[in-house]
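**Student:** Sequence plus predicted model, see below.
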Amino acid sequence: MKNIEIIGMPMKYGCMVEGADLAYDHLKDSLEKILNIKCNTVVDTTYENPKIHKNDNKIKYLEPTMECNKRLYNTVCNSFKNNKFPLIIGGDHSIVMASTEAALDTHNGDVSVIYVDKHADIHNEKTTPSGNIHGMPLSICIGRCDKRFDIGSYRLKPENLYFIGLYNYEKEEIDYIKEANIYHLMDNEVTENNIDSVVNNIKNKIKTKYVHLSFDLDSIKPEDFPAVNVAVESTYQDDKGMSYNTVKKLIKKLLQNLNVCSMDLVEYNPLLDTNLECKKKMKDILLNIKQV
Ligand SMILES: [Mn+2]
């Protein structure tokens, strides 16, 4: 991967769990060493006197989430202008609204999104059970949320969205995914042995020139990668999710075979990485990214 610009996005307003906002700081040295670049782009995510609920009792941290994401949007647009490949280190997954919108606006809407995540993140302000915006960013990009969530100009077409590794979603989300005929592969539909056909199949379906790859580490099965920013009680429920080896290969194959213009790496929580096992695995994934 050439011309990578690391963009730190220490974001937590999309899901108030302590930790994911520390990921960039925690990984910075490794990123610089592995990718052999200097990391000096960090989005300012400070917000004076953030209110959990202002005028809406349902949505949490609306103003700080949108304000910080607009700052990221501008940073990613600049990165594209400088002919860079922005690699955004989150933070919670609300940040995909900014990275996707920046990619769409830079490329006149000619962008598909590959969403490697166990969650669908496609609630809107009416269906969200938690009020956390990190469960809503794809609806924001598609334009299924009201104007308080406006960011960027071009909207993501549902036909250009691809889910990989899905297994944790609410009924309203999967109903919409099916109704809008959005491509989705469940976690058990992707294994180490079928990655080539998975990637080829998606490659044949893609209709846009560019692809934004959004990678949530919680797509890896919890026993292989426990240090992610989901509610702790739901972390260990089942033996669900794709294996670490599967995901590592998958990310590499996607980068090798598709015209990926930008990427997010989100929801790593260093506070839960007690023996630094997950950090080691992240370094391996980054090495893979470098080699493409
Ligand atoms: Mn997720």
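**Tutor:** Arrived safely, thanks for sending.
**Student:** Would you enumerate the residues in contact with Ile89?
**Tutor:** 6-9, 23-24, 27, 31, 265-266 (Cβ atoms under 8 Å, 6 or more residues apart in numbering). Using the backbone N, CA and C atoms, a C-beta is placed for each residue, glycine as well.
**Student:** Then Ala120?
**Tutor:** 138, 163, 166, 168-170, 173-174, 177.
**Student:** quick one: which of those is nearest to the ion?
**Tutor:** Asn168 (7.5 Å; Cβ to the ion).
**Student:** re the thing from before, just the ones in helices from the contacts of Ile89, please.
**Tutor:** 23-24, 27, 31 (DSSP state H).
**Student:** Looking at neighbours, which among those is most surrounded?
**Tutor:** Ala23 (30 neighbours; other Cβ atoms under 10 Å).
**Student:** Leaving out sequence neighbours, find the closest residue to that residue.
**Tutor:** Using Cβ to Cβ, 6 or more residues apart in numbering and skipping residues adjacent in sequence, the residue nearest Ala23 is Tyr268, 4.4 Å away.
**Student:** same thing with Glu63?
**Tutor:** Lys54 (6.2 Å).
**Student:** who's in contact with the residue in the stretch 51-200 of the chain that the ion sits nearest to?
**Tutor:** Among all residues of the stretch 51-200 of the chain, His119 sits closest to the ion, at 3.7 Å; criterion: Cβ to the ion. Counting by Cβ under 8 Å, 6+ apart, His119 touches 93, 135, 166, 168-169, 216, 218.
**Student:** Let's see if you can find the most crowded of these.
**Tutor:** His93 (30 neighbours).
**Student:** rewinding a little: return only those of the contacts of His119 found close to the ion.
**Tutor:** 216, 218 (Cβ under 5 Å from the ion).
**Student:** Is it possible to get the contacts of His119 out as a markdown table so that each row also shows pLDDT?
**Tutor:** Output for these, formatted as a markdown table (pLDDT from 0 to 100):
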| residue | pLDDT |
| --- | --- |
| His93 | 94 |
| Gly135 | 95 |
| Leu166 | 96 |
| Asn168 | 93 |
| Tyr169 | 93 |
| Asp216 | 96 |
| Asp218 | 94 |
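**Student:** Let me see the ranges of the helices in the stretch 51-200 of the chain.
**Tutor:** 62-81, 96-106, 137-142, 171-179, 195-205 (DSSP state H, counting those that start in this stretch).
**Student:** Just the angle for the longest one relative to helix 96-106, thanks.
**Tutor:** When axes from the mean of the first three to the mean of the last three Cα atoms, to 10 degrees is applied, the directions of helix 62-81 and helix 96-106 differ by 40 degrees.
**Student:** What's opposite the most centrally placed residue in the chain in the beta bridge?
**Tutor:** Residue closest to the mean C-alpha point of the chain, counted by Cα atoms, centre = their mean, is Ser214 at 3.9 Å. For Ser214, the beta-bridge partners are Tyr115, Asp264 (DSSP bridges).
**Student:** Among the contacts of His119, which are located in strands?
**Tutor:** 166, 216 (DSSP state E).
**Student:** residues from this structure in reach of the ion?
**Tutor:** So far as Cβ under 5 Å from the ion goes, the chain lies against the ion at 117, 119, 216, 218.
**Student:** where's the residue of the stretch 51-200 of the chain closest to the ion relative to Leu31, distance?
**Tutor:** His119 sits 25 Å away from Leu31, going by Cβ to Cβ, to the nearest Å.
**Student:** just Ser94 next, same as before
**Tutor:** Taken as Cβ to Cβ, the span from Ser94 to Leu31 is 21 Å.
**Student:** show me where pLDDT drops low in the chain?
**Tutor:** Counting by pLDDT under 70, the chain contains low-confidence ranges at 231-238.
**Student:** ok so, going back, which one of the contacts of Ile89 is nearest the ion?
**Tutor:** Using Cβ to the ion, these come closest to the ion at Val266, 7.7 Å.
**Student:** Most remote residue from the middle of the protein, which is it?
**Tutor:** Asn55 (27.7 Å).
**Student:** Can I get stretch 188-201 in CSV? Just the C-alpha atoms.
**Tutor:** Taking Å, rounded to 0.1, in the frame of the first residue of the first chain, the C-alpha atoms of stretch 188-201 are listed here in CSV:
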residue,chain,number,x,y,z
ASN,A,188,-20.3,-18.5,9.2
GLU,A,189,-20.3,-18.0,5.5
VAL,A,190,-16.7,-16.9,5.4
THR,A,191,-13.9,-19.3,6.3
GLU,A,192,-10.2,-19.5,5.6
ASN,A,193,-11.0,-21.9,2.7
ASN,A,194,-13.4,-19.8,0.8
ILE,A,195,-11.9,-16.3,1.0
ASP,A,196,-10.9,-16.3,-2.7
SER,A,197,-14.4,-17.0,-3.9
VAL,A,198,-15.9,-14.5,-1.4
VAL,A,199,-13.6,-11.8,-2.6
ASN,A,200,-14.0,-12.7,-6.3
ASN,A,201,-17.8,-12.7,-5.9
